[in-house]
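>>> Whatever this is, show me its structure:
(chains A and B)
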Amino acid sequence: MKIRITLLSVVVALLALPASAADKVKIGFVTTLTTGAAVIGKDMQDAVNLAVEDIGGKMGGLDVEMIFGDDGFKPETGKQVTDKLVKSDDVDFVAGYIWSHVLLASQKSVLGAGKFLISANAGPSQLAGKLCNKNFFSTSWQNDQTPMAMGEVLNQRGIKKLYIMSPNYAAGKNMVAGVERTFKGEIVGKDMTKWGKDAQLDFSAELAKAGASGADAIFVFYPGKAGGAFIKQYEQAGLTDKLPLYTVFTIDSIALPKLQKAKMKAVLGSLNTQFWGPDLDTPQNHRFVSGFKKKYGRYPSFYAAQSYDSIFLIKSAVEAVGGNLADMDGMRAAMEKADFPSVRGAFRYGKNHFPIQNFYLRKVVEDSDGNWTTSVVDTVFEDHQDTYAGECKI
Amino acid sequence: MDSTLLVIQILNGLQLGVLLFLLAAGLTLVFGIMDFINLAHGSFYMVGAFFCATLTLWFDSFLLGLLLALPLTLAVGVVVELLVVRHLYQEDHLQQILATFGLILVADTLVHIIWGPEGLTFALPEVLNGQVTVLPGIRFPIYRILIISVGLLIAAGLYWVVARTRIGMLIRAGASNRRMVGALGVDIRYLFTLVFGAGAVMAGLAGLMIAPITEASIGMGNEILIVAFVVIVIGGIGSIKGAFLGALLVGLIDTLGRSFLDGMLKLVLSNQAAETSAPAISAMLIYILMAAILYFRPQGLFPPKGR
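Numbers count the residues shown, from 1 in each chain, chains lettered A, B, ... in the order given. Model prediction:
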């Protein structure tokens, strides 16, 4: 009898082994941690670390293990590091991705292996439409949506002739397509500049063209360090009064401290659209922004906000299945409900798993401490869904 | 209106050209005289920009930042030559490429550790931040005029040194026949350190002049170095005159291509096709030029004499 019990307990112990192997949730997070774009990656990494801290390092009773990967701002490196996370680290979720071209190159490695892919920034039209996948979720937006909101703002403000500048890559093309879709006036000029690791940062020729084009306003998409460079040259070229500046994803809390240090006053009062703002009035956003400012001593960017959300989305999935990470269907169903505290407030998912959400008009202002930041001034779109959802056949 | 834009774009092209010249001059001398391929030349461009940005923010004076950053960059150049580069002259080109690629990684990582990933930016003094009327009805940023003037002055100075002084004579001799110069009793190692340091300073000057327009950021030198290589191939390796004319040519072609190609393509193609192909083609123009020159005149437009 004694022997039997011992035997039985051995069998039980053996059976329990696979379960004990999954005593933690492994999350791979791919972003840019080297090159000049590392400043964005660092903001995302900081937000993820804050989120993991805020949930006490646990999801549904399991420990959370974060593994960060660096895409080096290059699609091929992004794919390699994604492969490593999926195959050798065997993570349960892969999240992150700043760049649309990196995400497009990497998505197959994750989705082909039947794992969850959470974009914390990039929202290429392909993944919203034809390439949509049941295991892909976004905590950001589809690329076209934010510029579509800006096109609407331009109409409201009576802009008739517009000049467009954007980098020449997947997201840049989406941004231009977005603003062209809603803007009703005439587009008098357009420049798509070189992007990537050797991106063009001197816009002298393009700004001279824009100044001579007779446009009433200029629409610009230059994420990361290119944004700061653009604004400086815009001011140096004397276009501040001549050609009002409307931007998406260009003037954020990454560019603003540097612009403030450089006293680039041209940027104060300029308008941009976004699904979120540091002053957006939701409980989770208060928690996030004040926690972030306290821990890191600066404003979080929208990249950080989306990254913070991605951890809470994953948490909602893991908790819904009680930590049983083999239950993919259960976790997917939980995420589709978008039942987690989001910094943007309540929202729902479309069938392509992109958020259906509000878009706001934001203005660059000086806060009470004298720091430059953005403030929400108006709601442009309510419950806006991207235009590619119809092409998605899930 | 169109001729106004043309003048402005030619000025923009000149500004890019002189910047490329400052970078290419050091590159072509080091390659021509020492037969040394320095992929890390762009790191001096970055280091100059970071030194200048830090010092400018420190003293709140661009002039002080500029004046102090130059000797600092020279010091970095000389130290790198003495510690690393000197030991590579005897190696073949592949070893040099590998070693200097390693230097790039070291430099980028050091900058990341010291200054963080976000890069540095600083404001131009009020006097330089505006525009000036260059011709009736044509206004152009003062600072870019300043870059053009400094670049042209350096080019003239360099021409004078190379063509009229004893050091310059040794440099030219070194470019034509290195071993003979050594055999005639010239301390070739001293000459090498001098040329390498001078190249580093010019690259640093280019970097710190562009910093107030873009910013000081990690890897900024690697981006422009490729174009600088194109310049020296077009101009003829080892030739200062070639580097100067090649740089102006590349600067003008690149800028004018970016400005007018889409308009020209729209005459023959649909709007949609022109908009998509213009940026791609204008980014290729300088490489097409390089390929054509390599085919018809492989030694470059103005190769040094005696080769």
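>>> Tell me the helix or strand right after whichever helix or strand B:Thr54 is part of.
Following DSSP states H and E, one finds B:Thr54 within helix B:41-59. For helix B:41-59, the succeeding helix or strand toward the C-terminus, using DSSP H and E, is helix B:62-83.
>>> Enumerate the positions of that following helix that are buried.
For helix B:62-83, a neighbour-count test (16 or more other Cβ atoms under 10 Å in any protein chain shown) marks B:62, B:65-66, B:68-70, B:72-74, B:76-78, B:80-81 as buried. For glycine as for every other residue, the C-beta is placed from the backbone atoms N, C-alpha and C.
>>> Pick the one among those residues closest to chain A.
Chain A has its nearest neighbour among the buried residues of helix B:62-83 in B:Phe62, at 11.5 Å by Cβ to the nearest Cβ.
>>> Surely that closest one touches B:Val127?
No: assessed by Cβ atoms under 8 Å, B:Phe62 is found out of contact with B:Val127, at 9.9 Å.
>>> How about A:Glu336: what's its closest non-neighbour residue?
Nearest residue to A:Glu336, sequence neighbours excluded (Cβ to Cβ, 6 or more residues apart in numbering or on different chains): A:Tyr349, at 5.6 Å.
>>> who's in contact with B:Leu64?
B:Leu55, B:Thr56 (Cβ atoms under 8 Å, 6 or more residues apart in numbering or on different chains).
>>> quick one: it from B:Ile147, how far?
The gap separating B:Leu64 from B:Ile147 is 19 Å, by Cβ to Cβ, to the nearest Å.
>>> can you tell me the helix or strand for the closest residue to B:Asp254 other than its chain neighbours?
In this structure, B:Asp254 finds its nearest non-sequential neighbour in B:Ile286, 5.6 Å apart by Cβ to Cβ, 6+ apart. Following DSSP H and E, the helix or strand that holds B:Ile286 is helix B:271-296.
>>> elements contacting that helix?
strand A:186-193, helix B:220-235, helix B:240-268 (3 or more Cβ pairs under 8 Å, 6 or more residues apart in numbering or on different chains; DSSP states H and E).
>>> could you redo the last one with a cut-off of 10 Å?
helix A:170-182, strand A:186-193, helix B:220-235, helix B:240-268 (3 or more Cβ pairs under 10 Å, 6 or more residues apart in numbering or on different chains; DSSP states H and E).
>>> The buried residues of helix B:62-83 also near chain A: which ones?
By Cβ under 10 Å from any Cβ of the partner chain, no member of the buried residues of helix B:62-83 lies near chain A.
>>> Reformat those as JSON lines; add pLDDT and distance to A:His101.
As requested, the buried residues of helix B:62-83 are exported to JSON lines (pLDDT from 0 to 100; distance: Cβ to Cβ, whole Å):
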{"residue": "B:Phe62", "pLDDT": "93", "distance to A:His101": "37"}
{"residue": "B:Gly65", "pLDDT": "94", "distance to A:His101": "37"}
{"residue": "B:Leu66", "pLDDT": "94", "distance to A:His101": "37"}
{"residue": "B:Leu68", "pLDDT": "96", "distance to A:His101": "40"}
{"residue": "B:Ala69", "pLDDT": "96", "distance to A:His101": "36"}
{"residue": "B:Leu70", "pLDDT": "96", "distance to A:His101": "39"}
{"residue": "B:Leu72", "pLDDT": "97", "distance to A:His101": "38"}
{"residue": "B:Thr73", "pLDDT": "97", "distance to A:His101": "35"}
{"residue": "B:Leu74", "pLDDT": "97", "distance to A:His101": "40"}
{"residue": "B:Val76", "pLDDT": "96", "distance to A:His101": "35"}
{"residue": "B:Gly77", "pLDDT": "96", "distance to A:His101": "36"}
{"residue": "B:Val78", "pLDDT": "96", "distance to A:His101": "41"}
{"residue": "B:Val80", "pLDDT": "95", "distance to A:His101": "35"}
{"residue": "B:Glu81", "pLDDT": "95", "distance to A:His101": "39"}
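>>> Tabulate those residues in TSV, adding columns for distance to B:Trp160.
Shown next, in TSV, are the buried residues of helix B:62-83 (distance: Cβ to Cβ, whole Å):
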residue	distance to B:Trp160
B:Phe62	27
B:Gly65	27
B:Leu66	22
B:Leu68	26
B:Ala69	24
B:Leu70	19
B:Leu72	25
B:Thr73	22
B:Leu74	20
B:Val76	26
B:Gly77	22
B:Val78	23
B:Val80	27
B:Glu81	24
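>>> Would you agree B:Ala155 is in contact with B:Leu205?
No: in this structure, B:Ala155 is not within contact of B:Leu205 by Cβ atoms under 10 Å, at 12.0 Å.
>>> anything in contact with each of those two?
B:Leu22 (Cβ atoms under 10 Å, 6 or more residues apart in numbering or on different chains).
>>> More neighbours: which of those two?
Shown here are B:Ala155 and B:Leu205; by other Cβ atoms under 10 Å in any protein chain shown, B:Leu205 has more neighbours (27 against 20).
>>> is A:Thr193 in a bridge, and if so with what?
Beta-bridge partners recorded for A:Thr193 (DSSP bridges): A:Pro167.
>>> check contacts around it.
Counting by Cβ under 10 Å, 6+ apart, A:Thr193 has contacts A:165-169, A:172, A:199-203, A:205-206, A:222, A:226, A:230, B:258, B:279, B:282-283.
>>> Which residues are in contact with B:Asp60?
Applying Cβ under 10 Å, 6+ apart, we find B:Asp60 in contact with B:Phe122, B:Ala123, B:Pro125.
>>> next one: A:Cys132
Taking Cβ under 10 Å, 6+ apart as the test, what A:Cys132 contacts is A:Gln126, A:Gly350, A:Lys351, A:Asn352, A:His353, A:Phe354, A:Tyr388, A:Ala389, A:Glu391, A:Cys392, A:Lys393, A:Ile394.
>>> helix, strand or coil for the fourth one?
Of the three states, A:Asn352 takes coil according to DSSP: H, G, I helix; E, B strand; the rest coil.
>>> can you tell me how far it sits from chain B?
Per Cβ to the nearest Cβ, to the nearest Å, A:Asn352 is found 26 Å from chain B.
>>> can you check the third one too?
Shown here: A:Lys351 relative to chain B, a distance of 31 Å by Cβ to the nearest Cβ.
>>> isn't that residue right up against A:Phe137?
No: applying Cβ under 10 Å as the test, A:Lys351 and A:Phe137 come out as separate, 11.9 Å apart.
>>> which residues do these two both contact?
A:Glu336.
>>> ok, those two, which is more surrounded?
A:Phe137 (26 against 14).
>>> what's the neighbour count on the residue lying closest to the more buried one once chain neighbours are set aside?
Counting by Cβ to Cβ, 6+ apart, A:His353 is the residue found nearest to A:Phe137 once chain neighbours are left out, at 4.5 Å. Counted with other Cβ under 10 Å, residues neighbouring A:His353 total 25.
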